[in-house]
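**Student:** Predicted structure and sequence below. I'll ask about it afterward.
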Amino acid sequence: MAWTDICAFEDLVENSGICALLNGQQVAVFLLELQGEPQIYAIGNYDPIGGANVLSRGMVGSIGEQIVVASPLYKQHFDLTSGQCLEQPEVVIPVYGVKLQQGRVWLNAAKQDQQASAA
Amino acid sequence: MQQTKQILVIGNGMVGHHFVDQLRAKDPFAQITVLCGEAQLAYDRVHLSGYFSGTSAEQLALTTEEAYQAANIQYRLNCWVEQINREQQVVVTSQGGQFYYDELVLATGSYAFVPPIPGNDQPHCLVYRTLQDLDAIAQSAAVSKIGVVIGGGLLGLEAANALKQLGLQTHVVEFAPQLMAVQLDQGGGQMLSQKISELGVLVHTGKATQAIVAGTECRYQLQFADGESLETDLVLFSAGIRPYDQLARSCGLAVGDRGGIVVNDQCQTSDPHIYAIGECALWQQKIFGLVAPGYQMARVVVSQLTGGERKFSGADMSTKLKLLGVEVGSIGDAHARTPGALSYVFTDPRAQVYKKMVVSKDGKRLLGAVLVGDTSNYDSLLQYALNDMLLPKQPEQLILPAASGAPLAALTLPNSATICSCHNVAKGDIVAAMDSGCCDLASIKSCTKASTGCGGCTALLKSVVDDELKSRGVEVKNHLCEHFAYSRQELLHLVQVGGIKTFSELLSRHGQGLGCDICKPTVGSILASSWNDYVLKKPHVGLQDTNDTFLANMQKDGSYSVVPRIAGGEITAEKLLVIGQVALDFNLYTKITGGQRIDLFGARLEQLPAIWQRLVDAGFETGHAYGKSLRTVKSCVGSTWCRYGVQDSVGQAIAIENRYKGLRAPHKIKMAVSGCTRECAEAQSKDIGIIATENGWNLYVCGNGGMRPRHADLFATDLDTETLIRYIDRILMLYIRTADRLQRTSVWMEKLDGGLDYLRKVIIDDELGLAAELENQMAALVNTYACEWKATLDDPQALKRFRQFVNSPDADENIVFVEERAQIRPATAEEKRQWLQQIPVTEISVTALVEEN
C-alpha cells in the first residue's frame, strides 16, 4: 500500500501524541525518545472500549518491556507496536506503518515489519 | 546442661491445657505429665451449649491425644488425685499410681455449686459443667417437657440456652432481683429479661427456692419462699462455681475462707514448688471465673518455670457474648461504683437495646459499660477502657446509634492495645506476626492464638488485620509504580532537594523505563507544586492527563466541558450573559455545578481556544475543574444579605478561592465558607470548611463528600482572618508535601500517625518547626499564579495542539449530538449509526488489520 505524507516532524509532540487523518481513518501518532533516539509509533485513534476517538490524547509510557499508551477515558493500556490491549487482550486495534523521510512523517495503512526510526 | 525438671499438672481444663501448650512452646525439653480427671483431654467449655446445636465433642476439643503424644506430653485420663505428699514431692492417684514432681501445677478448676435445697439430689436434678453433664442433661431432657435453671447468671443463661435447644419449655429462676447481677446494672438486667422472655424463656427473678418436692403435673415442684411454686421435669443448677481445692486443703496449703487456693503474684501457693492457676486459685481474695485471666495465670507460671519474671496483676473481667441469641456486653465498672463516676444511658425500647457508659468524673476516661441487645460498640469501648484512651469531647456519641457506623479505627490503636484478652495478644503481636509473613486471618490466628479463646475479639482482629494489610498495601504500592521505587512524598523530597525541574531529569536520576500514566501526572503535580511552571511548557506537556493537557474535562464521547472560575459562586449579570452567549454561539450544553459555577459541555477539541478567548476577554479565568487542584470555595450570602449571617462569607470565600486557585495537590481540593452556624454552604463536607462565628471563623478540616463521605473535624475556633489563612496555608502545604497520590485530605488525616491531634500540634503548636517553611512555600505558589488558559492563548506552539487532525481541518465525525430538553446531548451508538448511515470506524479498522495480516 502507498505511503502518505502526513506532517512535519516538528508537528509531533515529544512524549505525547497527535492525530492524523489517513484515507478517512483517524490515526494516533506518538513521538517517544528511546535510549536517546526519537521513535515514532502509529495506531488507530479509536478506543473501542470507550467508543471514542481519543487515543492520541492518552499518556505514553512503558509497562515492563512494552511501550504503551493509556486511554484517557478508562485508562486501558494499548501496546504501540502490536495494538493489543494489555487489560483485555482480545481487543486489538490497528497499527500503522510510519517512516520519517526528509523531516516529514509518512504513514502507511499496512503495518511495516519495523517501526520507522527517526534517525 | 541442667537436669530437666519433672513438671506435673493436675487438671486439663482450658487453663491446664493452655499452660501445657505454652510451656511446651517455651521449653521443648521440659518433662510434662498431665493428670486429667475427665475421659477426654481439654475442650472448649465456653462454647459448651453448642453441643446441643450440632457442635460435636471433637469440634469442642482443644487438642487431641495424638497432639499430646507428638509434643511428648505424658498424660493420664480418668485420673483422680487422692493426695499430695509435699515432703516427698509425689502425688498419689485413686488408682494407686504415684507421680514424682519437681514443680506441681494445680489446674483443678471448679465445680458447679449446688445450693443446699432439700430435694436437690434427685435423679433429674443436674448441673451444667462438663461434657458428661451435658450427656446426662440430654438423657433427662429426652423424658422431660419442662426444665428449670436455678441461677440467672452468665452460666445459668448458657444452661437455659441448652435446655431450649433440647426442646424443653425453659424457665430461669434467679434469687437476685435481676439477671446477670455481676455483669449488668439494673437497666441492662431488665432489658435482658424482657428480651429473653420474648424468646420464650420464662424469667423469674427475686425467687428463693426452698424445696424441690414431687410435682403434680410434672416430675417436680419448686417451692419458693414467697409461697409460689413452679412445676418442672428437670432442674439444672447453675448457681455459681466453687473452686476444687480439697487436694490443697488436705495437704495443708493455704486456702481462702470461702475456698480457693491462695496464690501470690507468681501464682505460687504457700508451697513454692506448687502453683495454682485458673478457677481453683485465689488471688488477692478474688477468684476469676473467666478463661482469659486463667490463661494469664498459666503464662505467669510458664514464665516462672522458664526463667522469666512475668507476674499476675489481676485481670480485666469485661465480657461480650451472645446469650440465647441476645448480645450482651459488660466492661469494667459496669455498676458505676468508682467514686464520682458518671453514667450515660441510651435505651431504645423498640429495638430493645440498652447501652450504658460509665465515665470518670472529668468525662475523659471510660470506666465501664453495659450493652444489651447490641454489642457493636463493645470493641471500641473496650479499647477506650483498657488503653485508658482519651474519650472524644462528646463521649455519648460512642453509644448513640449514629455513631455505631464509625467504630474506633483499628489503625488508631496503639501497638500496646490488647486485642485478644484471652490469649493476651496485643496489636503489636499481630503486626509482628504480619511482619514475619502471616498475611491472612487464619495464619495470624494460628500464629498468635488471637481470637481462639472466647472469640469475642473476632471482629476487632479482622479490622486490625484488614487495616494493617491495607496500610501495607499502600506501603507496597508506596513505590509509586514500576518506574519509581519511591513514594509520592519521597519523590517530592527528591525534586525539591535536588532542584529537579523536569520529568526526564527525575527519571534518569531516580527512575527507570519510560514512565506511565501513574507516575507522569504525579510528577507533573509535584513539579507544579514545587516550581509552579506553566503546565503546558514543553517538558511538562507529556506529563499531564488529557484533561490537564487540554485544560478541559474530557467527556465520554471525546468532547470536552469547560468551566470558568466563578470565585465564591458570585457572578455579575454581564458575565452571566457572556457565558450564555458563548454557550449559544458554540452550541454548548449548560449545567450548574455543585460548586456554584457553570459547566459548558460539548466543546470539540478544536473549539476550546476560541471559546476561551471569548471567556478570557470577558475577564474569566480557568476554573481548574480538570486538575488535581483547588476546585471551588462554595459560599452562602452571609451577613451582607442574610438575616442570620454573622460574617461576610462571600467575601471570605472569594479571597480564599483567589488565594489558592491553581494550587496543584495530590487530589482535588474543595472548600466552603458559611456565614453562620446554619451552614448553608455545607462547609463540613469539604477539605477545608469555614463557618463564621460572632467572633471570627471556625475552621473545619479534612471533610469529604462523594463515595466515602466524612464530616470535617473542627480544627480551631474563633480565628481572625489572618490566623485562619495562615492555618490553611500550613495544612494545605503539609498535605501536598506528605500525602500519597490521589489521597484526599480525609484519608490523609486518618492515616497520619496521631490524626487530628497530631495535625493540630504541627499546624497550631508548630511542634515540628515547619510552619514558617510551609507558609513561605505557599506564598511562593500564590505569587506565581498565572491563568493557564491565558498563557495558552498567548502561546502559538501550545495552541497547535488544539486541533483534531494534524493534516486536516475536519472535525471528529464520531462526535454527534442530538437534542434533548432544548439542549444538546451526545448521541447514543444506535443514534449515531442511524445518523451517519455508515459502519462504525472500529469495525473497518479490525477488518483491515485482519486482511493485511
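**Tutor:** That came through fine. Remember, predicted model here, so these are calculated numbers, not experimental data.
**Student:** Any regions of the chain where pLDDT drops low?
**Tutor:** Looking at chain A here, since you left the chain open. Counting by pLDDT under 70, chain A contains low-confidence ranges at A:1, A:111-119.
**Student:** wrong chain, I was asking about chain B
**Tutor:** Short version for chain B, where the test is pLDDT under 70: B:1-3, B:402-411, B:455-456, B:472-478, B:836-853.
**Student:** per-domain residue ranges of it.
**Tutor:** What automatic domain parsing lists as the domains of chain B is B:6-110+B:243-305, B:114-238, B:316-408, B:410-474, B:477-527, B:630-783, B:817-852.
**Student:** Save these as JSON lines, and put in distance to A:I63 and mean neighbour count too.
**Tutor:** Backbone N, C-alpha and C define where each C-beta goes, glycine included. Output for the domains of chain B, formatted as JSON lines (distance: least, C-beta to C-beta, whole Å; neighbours: other C-beta atoms under 10 Å in any protein chain shown):
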{"stretch": "domain B:6-110+B:243-305", "distance to A:I63": "47", "mean neighbour count": "19"}
{"stretch": "domain B:114-238", "distance to A:I63": "58", "mean neighbour count": "19"}
{"stretch": "domain B:316-408", "distance to A:I63": "39", "mean neighbour count": "19"}
{"stretch": "domain B:410-474", "distance to A:I63": "20", "mean neighbour count": "18"}
{"stretch": "domain B:477-527", "distance to A:I63": "6", "mean neighbour count": "19"}
{"stretch": "domain B:630-783", "distance to A:I63": "17", "mean neighbour count": "20"}
{"stretch": "domain B:817-852", "distance to A:I63": "22", "mean neighbour count": "13"}
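**Student:** got JSON lines for those, with distance to chain A too?
**Tutor:** JSON lines is the format used below for these (distance: least, C-beta to the nearest C-beta, whole Å):
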{"stretch": "domain B:6-110+B:243-305", "distance to chain A": "45"}
{"stretch": "domain B:114-238", "distance to chain A": "51"}
{"stretch": "domain B:316-408", "distance to chain A": "32"}
{"stretch": "domain B:410-474", "distance to chain A": "19"}
{"stretch": "domain B:477-527", "distance to chain A": "4"}
{"stretch": "domain B:630-783", "distance to chain A": "12"}
{"stretch": "domain B:817-852", "distance to chain A": "4"}
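**Student:** so where do the strands sit in chain A?
**Tutor:** Listed in chain order, the strands of chain A (DSSP state E) span A:3-8, A:16-22, A:25-34, A:37-44, A:46-47, A:52-53, A:59-63, A:66-70, A:77-79, A:97-101, A:104-108.
**Student:** now the stretch 551-700 of chain B
**Tutor:** Under the criterion DSSP state E, counting those that start in this stretch, strands of the stretch 551-700 of chain B are mapped to B:553-554, B:560-562, B:589-592, B:598-603, B:630-635, B:669-674, B:688-693, B:696-701.
**Student:** okay if I get those as CSV plus distance to B:L663?
**Tutor:** Formatted as CSV, the strands of the stretch 551-700 of chain B follow (distance: least, C-beta to C-beta, whole Å):
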stretch, distance to B:L663
strand B:553-554, 18
strand B:560-562, 20
strand B:589-592, 24
strand B:598-603, 21
strand B:630-635, 5
strand B:669-674, 7
strand B:688-693, 11
strand B:696-701, 16
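**Student:** so which of the domains of chain B comes closest to B:Q581?
**Tutor:** domain B:817-852 (15.3 Å; C-beta to C-beta).
**Student:** Setting aside sequence neighbours, what's the nearest residue to B:K145?
**Tutor:** With C-beta to C-beta, 6 or more residues apart in numbering or on different chains as the criterion, B:K145 has its nearest non-adjacent residue at 5.7 Å, and that residue is B:D233.
**Student:** From B:R365, how far off is that neighbour?
**Tutor:** Distance, B:D233 to B:R365, by C-beta to C-beta, to the nearest Å: 50 Å.
**Student:** same question, B:A653
**Tutor:** According to C-beta to C-beta, B:A653 stands 41 Å off from B:R365.
**Student:** Kindly report the same for B:K445.
**Tutor:** From B:K445 to B:R365 the distance is 31 Å (C-beta to C-beta).
**Student:** again, but for B:L199
**Tutor:** 35 Å.
**Student:** do B:E679 as well
**Tutor:** Note on B:E679: its distance to B:R365, by C-beta to C-beta, is 32 Å.
**Student:** ditto for B:L126
**Tutor:** B:L126 is 44 Å from B:R365, by C-beta to C-beta.
**Student:** Same question for B:K520.
**Tutor:** In this view, B:K520 and B:R365 are 50 Å apart by C-beta to C-beta.
**Student:** Who are the contact partners of the residue positioned nearest the centre of chain A?
**Tutor:** Geometric centre of chain A, nearest residue: A:A42, 2.7 Å, by C-alpha atoms, centre = their mean. A:A42 makes contacts with A:A20, A:V27, A:A28, A:V29, A:F30, A:V95, A:Y96, A:G97, A:V98, A:L107, as judged by C-beta atoms under 8 Å, 6 or more residues apart in numbering or on different chains.
**Student:** Let me know the outermost residue of chain A.
**Tutor:** A:Q102 (20.0 Å).
**Student:** quick one: it and A:N108, what's the gap?
**Tutor:** 16 Å.
**Student:** wait, what's in contact with B:S238?
**Tutor:** B:A112, B:V127, B:Y128, B:V149, B:I150, B:G151, B:G153, B:L155, B:G156, B:E158, B:A159.
**Student:** cool, and B:R737?
**Tutor:** By C-beta under 8 Å, 6+ apart, the contact set of B:R737 is B:Q489, B:L492, B:L774.
**Student:** and it, what element?
**Tutor:** For B:R737, the host element (DSSP states H and E) is helix B:721-738.
**Student:** For B:Q83, list the residues it contacts.
**Tutor:** Residues in contact with B:Q83 (C-beta under 8 Å, 6+ apart) are B:V91, B:V92, B:L247, B:S250, B:C251.
**Student:** make that B:L382, sorry
**Tutor:** Contact analysis of B:L382 by C-beta under 8 Å, 6+ apart lists B:S318, B:K320, B:I331.
**Student:** now the residues you listed as CSV including secondary structure?
**Tutor:** Output for these, formatted as CSV (DSSP: H, G, I helix; E, B strand; the rest coil):
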residue, secondary structure
B:S318, coil
B:K320, strand
B:I331, strand
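**Student:** Distance check, B:L106 against B:K556.
**Tutor:** B:L106 is 75 Å from B:K556, where distance means C-beta to C-beta.
**Student:** same check, this time on A:D79
**Tutor:** 24 Å.
**Student:** Looking at these two, which has the bigger crowd around it?
**Tutor:** Neighbour totals were compared for A:D79 and B:K556, and A:D79 leads with 20 against 12 (other C-beta atoms under 10 Å in any protein chain shown).
**Student:** Name the nearest residue to that one, ignoring sequence neighbours.
**Tutor:** Computed as C-beta to C-beta, 6+ apart, the closest residue to A:D79 that is not its neighbour in sequence is A:Q66, at 5.1 Å.
**Student:** burial count for the one you found?
**Tutor:** For A:Q66, using other C-beta under 10 Å, the count is 16.
**Student:** Quick check: it vs B:Q512, distance?
**Tutor:** Counting by C-beta to C-beta, the gap from A:Q66 to B:Q512 is 14 Å.
**Student:** Beta-bridge partners for residue 104, please?
**Tutor:** If you meant another chain, say so; for now it's chain A. Here A:R104 sits in beta bridges with A:A8, A:Q101, going by DSSP bridges.
**Student:** looking at chain B here, not the other one
**Tutor:** Beta-bridge pairing of B:L104 under DSSP bridges involves B:L8, B:I274.
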